[in-house]
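Novice: sharing a model prediction with you, sequence too.
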Amino acid sequence: MVLKLRTKISSVIGKIKFFTRAIVIGWFRLECVYDHFFIRTFNQNTVIVDFGAGKGEFAAYITGRFPHARVFLAEANPDLAQKLIDIFGAKGNVTVANTAIGAHSASSVKFYLSRDLISSSLYESLSKLGGLAESGACEVTISMHSLNDFFALYNLDRIDLLKIDIEGAEFELFENFSKRDFTRVTQISVEFHDFLDPLLRDRMQSCVDRLQKLGYSCIHAGINFMYGSEYYNCLFYDRKRLGWNNLSRYLKIPQWLYR
């Protein structure tokens, strides 16, 4: 009898949470696409930058849903970058760059290829987790650009959504993220890769703390794969700049929805 009552109470609580989550997500216009959160407040002048565009699934959704947005894709793996060019090259509002992303500029850096193309990385140890490249060429030399480079190269004054999935290079990027960067980037959707190596956990937490101290609010969801991470799917947003309605500017998205 007690067990049945507990089961019924648990079911009711689950339903309440489900409908509450749906209402809150609708209120905040929160979306999750291919493991990346973002708040849908885009218009015809929106600028979206995708660091680590991979096979282009996220970019395909974004360009299809928001066809008037200016979209910039950066992908370090040469094979994937060429595929992105093939897919998006005819779109006048999409720019594809075959470059690694880091905290500084470099004309040439080593980039380690993985059999799992999207696992290729600036860090050999992380790339090896996806298996060595079958071609026999396990590394290539490519250029590396910083966030500031993108602002300068493409004459950007702001980024409305910065999506980041760069296989471990996000740590160095955020460790050098400045107050000026905060004023120019409204939302950051990032996949932290501490789930691949527990030694990265402290760096991840330091990056999260740094971004929140700069002024971002945060919502995140975890993953149990390998070593796990609380911040596998993480959105940093400046709610005061989003401006989608007056009340939401002063409210944070409740984290309990994703626990």
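Specialist: Perfect, I can see it now.

Novice: distance of the most centrally placed residue in the chain relative to Gly92?
Specialist: Nearest to the mean C-alpha position of the chain, by CA atoms, centre = their mean, lies Val190 at 2.7 Å. Remark: distance between Val190 and Gly92 (CB to CB, to the nearest Å) = 28 Å. C-beta: built from backbone N, CA, C; applies to glycine.

Novice: residues near Ala100, how many?
Specialist: Ala100 has 26 neighbours, counted by other CB atoms under 10 Å.

Novice: contact partners for it?
Specialist: 76, 109, 111, 122, 142-145, 166, 169 (CB atoms under 8 Å, 6 or more residues apart in numbering).

Novice: where does the stretch 101-250 of the chain have low pLDDT?
Specialist: Scanning the stretch 101-250 of the chain for pLDDT under 70 picks out 129-137, 228, 243-250.

Novice: which residues in it form helices?
Specialist: Under the criterion DSSP state H, counting those that start in this stretch, the stretch 101-250 of the chain contains helices at 124-128, 147-153, 170-175, 179-184, 201-214, 239-242.

Novice: got the CA positions of the fourth one in PDB?
Specialist: Included here for helix 179-184 are C-alpha records, laid out as PDB according to Å, rounded to 0.1, in the frame of the first residue of the first chain:
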ATOM      1  CA  LYS A 179      34.900  41.800 -20.000                       C
ATOM      2  CA  ARG A 180      35.000  43.300 -23.500                       C
ATOM      3  CA  ASP A 181      34.100  39.800 -24.900                       C
ATOM      4  CA  PHE A 182      31.100  39.700 -22.400                       C
ATOM      5  CA  THR A 183      29.800  43.000 -23.700                       C
ATOM      6  CA  ARG A 184      29.900  41.700 -27.300                       C
END
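
Novice: rewinding a little: so which of the helices of the stretch 101-250 of the chain gets nearest Ile118?
Specialist: Among the helices of the stretch 101-250 of the chain, helix 124-128 comes nearest to Ile118, with 10.7 Å by CB to CB.

Novice: list the buried ones in the closest one?
Specialist: For helix 124-128, burial by neighbour count (16 or more other CB atoms under 10 Å) applies to 126-127.

Novice: next: stretch 189-205.
Specialist: Result for stretch 189-205 [16+ other CB under 10 Å]: buried residues 189-197, 200-201, 203-204.

Novice: go on, stretch 89-100?
Specialist: Judged by neighbour count using 16+ other CB under 10 Å, the buried positions of stretch 89-100 are 94-100.

Novice: what sits opposite the residue nearest to the centre of the chain in the beta ladder?
Specialist: When bridges are called by DSSP bridges, Val190 pairs up with Ile164, Cys234.

Novice: do the same with Ser121
Specialist: Note on Ser121: beta-bridge partners Tyr112, judged by DSSP bridges.

Novice: settle this for me: it is touching Phe171, isn't it.
Specialist: No: between Ser121 and Phe171 there is no contact under CB atoms under 8 Å: 11.7 Å.

Novice: ok, these two, which is more surrounded?
Specialist: Legend: neighbour count by other CB under 10 Å for Ser121 and Phe171, higher for Ser121 (26 against 19).

Novice: contacting residues for that one?
Specialist: Applying CB under 8 Å, 6+ apart, the residues near Ser121 are 111-112, 114, 127, 166-169.

Novice: pLDDT value on Gly89, please?
Specialist: Looking at Gly89, its pLDDT reads 82.

Novice: Arg239 and Cys218 touch, don't they?
Specialist: No: taking contacts as CB under 8 Å, Arg239 lies outside contact range of Cys218: 10.7 Å.

Novice: quick one: which of these two has more around it?
Specialist: The residue with more neighbours, out of Arg239 and Cys218, is Arg239; 20 against 17, by other CB under 10 Å.
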